[in-house]
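Student: here's my sequence, what's the structure:
(chains A and B)
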Amino acid sequence: MLGQAVDIVELVANYLGIIIIPIMTIILGRKVILERRQIKKLNMIRFVIFLIFLTLSWMLLWEFLYESTPLSAVLNAELIILPDTFSFFGFGLGLMITLALAMLTYTNRWESLYYVPFFIFVGMFIVFLLTEIAIFLLPYVFTGGVMAVVFLFATAFRLKDNSSLGLAIFATLVFPTLIAEKTIVGQILSLTYPIFGLIFALGYFKLFKAKEVEENE
Amino acid sequence: MSDLLVFLTLEVVFFIFCFITILIILRTYLEIRESIYLGLILFFAAMLFNSIFRFTNLFFIELDLVIGIRLSLSNIIALLIFSIQLRFFFYLKKLKKLYWLPLIASFYIGYGLYISDSLIFFISYAVVIGFIIPVILLREGRKTRNGLAFGLGLFFLIYGLGKMLQFPLVPEILRIIGIIISTLAVLEFFDKFLFQDKEEKEKIQSAWISKLTDKK
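Tutor: Numbering: from 1, shown residues only, chains lettered A, B, ... in the order given. Below you'll find the predicted structure:
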């Protein structure tokens, strides 16, 4: 009975994710372009958030194709969905963590660390291309994920930054779904994060009021 | 026996100069507190360890520990040396965003040696850092009149050349020349004598001449 419920929630979550997350990505992308036109400068933080959602859309697309369509019969799991290797999904997962860490260093102005997540990720990918070994990927994803969430919360409260806080909450909701995907808790969270994501992407998530942010600046 | 004595003497000379260089850099670090000097201390400490390995090798004592397939203690020290050389280059070029690249690249190259027998990446890395970086450092040091950069560039180049040549005694002599140059560089020898500011020099000379004429 519970198994059936998990399957139903999983199906709904997959459909919800595949519809809402790309919409969020488009909204964020549009915001980036509009802002770029207005101030004639690229808002790096907004751009990185857009890239994070673009990567998430990429991951959800492959997850959806593999789990919710009959294509799973013809698609190779190792190439498409396995998270512990550089499959399409695994690559997206690693890249998402990398972008989150990069955003963290950028928000905190840790200049010497700006590119470190990219160096680590590209290094892992080169090692994988040459040897087919990806043993660092999952430890990197988990360590990087936890670090990103913790530091994003810390940064958000320190700088009173809505973007960091929104992303931290979003990551907190997404992260358990990757670890405990096949449990009822994981599936409920799978339903929750697209809804929160939509609120965040539409710009309605503003815990810190403009005055507080200005005061801090 | 005489060969052993010559090698031993050269190694002792290298060791002493290396130690002196570390002490001078340590003194500078305590005055200025710039992190790059800590890197340089680590660099020369790695050289010192390398010298100890060579020392023990002379008496047929193998201290070099092999981890995995090809990764050895001396390879780790070499990777550390390359990392600091590259970091020093980025520091001089003020490429702050690339500061961690050498360490990460060294880690992956080290991992490559751990899992496979291929030396291709290690050698490529060594060639790039051993020859290209010193040449750029020499040029930059001359252009910006930075004696430390010039001296260390010269040292890296001579030391790298010493690693490549297989003639008897030549590598050892090149190592000694290299370490003496690096000691001179940290003692600001090149700043004082090679890159002395012309205007400053003229000022000193004119003051000295005017003092002489005043006495008359």
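Student: just give me the neighbour total for residue B:108.
Tutor: Other residues lying near residue B:108 total 19 when counted by other Cβ atoms under 10 Å in any protein chain shown. The C-beta positions use only the backbone N, C-alpha and C, and glycine is treated the same way.
Student: grab the nearest non-local neighbour of it.
Tutor: Leaving out its chain neighbours, the residue that sits closest to residue B:108 by Cβ to Cβ, 6 or more residues apart in numbering or on different chains is residue A:123, at 4.4 Å.
Student: just residue B:161 next, same as before
Tutor: In space, residue B:161 is closest to residue B:174, 5.9 Å off (Cβ to Cβ, 6+ apart).
Student: picking that back up, just checking, what packs against the helix or strand encompassing the residue nearest to residue B:108?
Tutor: For residue A:123, the host element (DSSP states H and E) is helix A:116-131. Helix A:116-131 sits against helix A:88-107, helix A:137-159, helix B:101-115, with contacts defined as 3 or more Cβ pairs under 8 Å, 6 or more residues apart in numbering or on different chains; DSSP states H and E.
Student: now do 6 Å
Tutor: Helix A:116-131 sits against helix A:88-107, helix B:101-115, with contacts defined as 3 or more Cβ pairs under 6 Å, 6 or more residues apart in numbering or on different chains; DSSP states H and E.
Student: which residues sit in contact with residue B:101?
Tutor: Contacts for residue B:101 (Cβ atoms under 6 Å, 6 or more residues apart in numbering or on different chains) come out as residue A:119.
Student: what about the helix ranked longest in chain B, distance to the chain center?
Tutor: If you go by DSSP state H, chain B has its longest helix at helix B:2-32. Put simply, helix B:2-32 sits 12 Å off its chain's centre (Cα atoms, centre = their mean, to the nearest Å).
Student: show me what the next helix or strand after that helix is in contact with.
Tutor: As assigned by DSSP H and E, the chain's next helix or strand after helix B:2-32 is helix B:35-58. Contact with helix B:35-58 is made by B:7, B:11, B:14-15, B:18, B:21-22, B:25, B:28-29, B:63, B:74, B:77, B:80-81, B:84, B:87, B:91, as judged by Cβ under 6 Å, 6+ apart.
Student: go on, stretch A:125-145?
Tutor: Applying Cβ under 6 Å, 6+ apart, the contact partners of stretch A:125-145 are A:84-86, A:93-94, A:97, A:101, A:124, A:175.
Student: quick revisit: deepest in the core, which of the helices and strands packed on helix A:116-131 is it.
Tutor: Ranked by mean neighbour count, the helices and strands packed on helix A:116-131 are led by helix A:88-107 with a mean of 23 (mean count of other Cβ atoms under 10 Å in any protein chain shown).
Student: and that one with helix A:116-131, angle?
Tutor: Interaxial angle, helix A:88-107 versus helix A:116-131 (axes from the mean of the first three to the mean of the last three Cα atoms, to 10 degrees): 150 degrees.
Student: tell me what angle helix A:88-107 forms with helix A:137-159.
Tutor: Using the same axes, to 10 degrees: helix A:88-107 against helix A:137-159 is 30 degrees.
Student: which other helices and strands does helix A:88-107 contact?
Tutor: helix A:44-67, helix A:116-131, helix A:137-159.
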